[in-house]
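*Asks:* Fold the following and give me the result.
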Amino acid sequence: MRLFGVSKDGEFAEYVKAGFGDEHPEAVLEDWLENNPDGIVQDSKLLIIGRQVQTSLGGTIDLLALDRWGDLVILELKRGRTPRETIAQSLEYAAYAAQLDYPQIESLARQYQDDDGLSLVEAHRNYFALGAEEGVSFNKNQRIVIVGETITPEIRETAGFLNDKGLRVTCLEFSFFRTEDGKRLLSGDIVVADHSRTDKPVAAEARPKITREQFIQSLDANGTPIFSKVLALADERGLPIHWGSRGFSVNVNPKGVHFKFCYGYPPHSVYGQSIYTRLFDSAFFTRVNAGETVARDLAEKAKATGLFTPAGNELKCPVTRPLTDKETDALLSWIRTAADRIEEAGLRSDLEEETEGSNQASEVTARKLAKPQG
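*Replies:* Sure, this is the predicted structure:
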């Protein structure tokens, strides 16, 4: 197949097929797939939750994702392996993925997003715009996506056989083209379609942290003035800001120990442009003195602003419209109050070095407190 670009003057410029690996390291293809997850499978976009995920058998999954139904998707680049090696490796990774439970999957997503407060349920629901009535059972099934410049007949036949036996496999064959003036084109064809439906530690590479400048540039016209004032308030009050791959957390600093109490997210994050509280996770209850009382008090004050609404176990202030001066003052006032209240209560010194999220009983209590009353 020959491809041509057409200029404004109607002139053709042919795109010449070139070997992708001749001009690009393998990591570049991973980057492209990671940043363009909408065209990988035929039935849905994908939510990437891990890159270079280390398995229990010493292997490394190129990219790990979730589909709309909560199934884990293993994206494997064919590279230079033989068809037998490619299939065997993919099946090994699928077997590993099948053993992951929800806490492990959420842990991977948190590492990948560099956000230890991320709720995978909420992130998944927001990313796929699921309705309140649409439930998801995470990792009930697994999917394999094999990506390569050439999908050999052996791989196609084996993938088809696995599909017939109920293991969902997609094969994506891509071609790379370029013109003499340097323009590039990447085409992808699904050559094998899956039959889509109508206690080991896990580790993965974290996404690079965003900078303050990058974050501000990513905001829309509604978010820029609000988040600029939130960050200015943090600077003024000496509240440490921790930057993640998408957004930031606002921290208090009692006795030199940083403790997060809310998050800020940009428009393109899974949460949308918003400010999230961090009142109802186990860390707040176990680390803040009288944590349940403090959380309840701050939650009531947040609701009283009229800006925060329930979001999973937490409260969310969407920044999807221009906030009035009065609303902006109310939001900033709540952040000041939250910082003062936590600093006044103090952190439990015996738990300052404890890993967050270890108290399951507190998580149950948090969920009860976060539910709207009445």
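
*Asks:* Isn't residue 30 up against residue 62?
*Replies:* Yes: taking contacts as CB atoms under 8 Å, residue 30 lies within contact range of residue 62: 5.8 Å. Any C-beta I mention is one placed from the backbone N, CA and C, and that applies to glycine too.

*Asks:* higher neighbour count, the two?
*Replies:* residue 62 (22 against 17; other CB atoms under 10 Å).

*Asks:* looking at this, the more buried one is in a strand?
*Replies:* Yes: counting by DSSP: H, G, I helix; E, B strand; the rest coil, residue 62 falls inside a strand.

*Asks:* Chain neighbours aside, what residue packs nearest to it?
*Replies:* In space, residue 62 comes closest to residue 77 once its chain neighbours are excluded; the distance is 5.1 Å by CB to CB, 6 or more residues apart in numbering.

*Asks:* in terms of contact, does residue 321 touch residue 222 like I think?
*Replies:* Yes: between residue 321 and residue 222 there is a contact at 5.8 Å, judged by CB under 8 Å.

*Asks:* who's more crowded, the two?
*Replies:* Between residue 321 and residue 222, residue 222 has the larger neighbour count (other CB under 10 Å), namely 16 against 8.

*Asks:* The more buried one contacts residue 318, doesn't it?
*Replies:* No: with contacts counted by CB under 8 Å, residue 222 stays clear of residue 318, the gap being 9.4 Å.

*Asks:* hey, what's in contact with both of these two?
*Replies:* Shared contacts of residue 222 and residue 318, defined by CB atoms under 8 Å, 6 or more residues apart in numbering, are found at residue 273.

*Asks:* May I see the buried residues of stretch 45-60?
*Replies:* The neighbour-count check on stretch 45-60 (16 or more other CB atoms under 10 Å) flags 45-51, 53-55 as buried.

*Asks:* for stretch 232-246, same thing?
*Replies:* Using 16+ other CB under 10 Å as the test for burial, stretch 232-246 gives 233-234, 239, 241-242, 244, 246.

*Asks:* now swap in stretch 155-166 and tell me
*Replies:* In stretch 155-166, counting by 16+ other CB under 10 Å, buried: 155-156, 158-160, 162-163.

*Asks:* Quick one: neighbours of residue 140, just the number.
*Replies:* 11.

*Asks:* Show the contacting residues for it.
*Replies:* 69-71.

*Asks:* mind showing which ranges of the stretch 151-300 of the chain have poor pLDDT?
*Replies:* Applying pLDDT under 70 to the stretch 151-300 of the chain flags the ranges 175-192, 194-206.

*Asks:* For residue 48, which non-adjacent residue is closest in space?
*Replies:* In space, and not counting its chain neighbours, residue 48 is closest to residue 65: 4.9 Å by CB to CB, 6+ apart.

*Asks:* Equivalent analysis for residue 96, please.
*Replies:* Here the residue nearest residue 96, using CB to CB, 6+ apart, is residue 55, at 4.3 Å.

*Asks:* I'd say that neighbour and residue 90 touch.
*Replies:* No: Residue 55 lies out of contact with residue 90 (CB under 8 Å); the separation is 11.9 Å.

*Asks:* Spell out the secondary structure type for the residue nearest to residue 48.
*Replies:* Applying three-state DSSP: residue 65 is strand.

*Asks:* ok, it - contacts?
*Replies:* Applying CB under 8 Å, 6+ apart to residue 65 gives the contacts 37, 46-50, 72-73, 75.

*Asks:* what pairs with it across the strands?
*Replies:* residue 48, residue 73 (DSSP bridges).

*Asks:* show me where the stretch 51-200 of the chain has helices.
*Replies:* With DSSP state H, counting those that start in this stretch as the criterion, the stretch 51-200 of the chain has helices at 83-98, 102-113, 120-127, 153-164.

*Asks:* and the angle from the longest one to helix 153-164?
*Replies:* Orientation note: helix 83-98 sits at an angle of 30 degrees relative to helix 153-164 (axes from the mean of the first three to the mean of the last three CA atoms, to 10 degrees).

*Asks:* Could I get the buried residue list for helix 83-98?
*Replies:* For helix 83-98, a neighbour-count test (16+ other CB under 10 Å) marks 83, 86-87, 89-94, 96-97 as buried.

*Asks:* counting contacts, what elements does it pack onto?
*Replies:* Under the contact criterion of 3 or more CB pairs under 8 Å, 6 or more residues apart in numbering; DSSP states H and E, helix 83-98 touches strand 60-66, strand 72-77, strand 142-148, helix 153-164.

*Asks:* Give me the contact list for the longest helix along the chain.
*Replies:* Scanning the chain for the helix with the most residues, using DSSP state H, yields helix 325-345. Contacts to helix 325-345, defined as CB under 8 Å, 6+ apart, come from residues 225-226, 229-230, 233, 237, 239, 250, 252, 254, 259, 261-262, 275, 277, 288-291, 294, 297-298, 301-302, 305-307, 317, 323.
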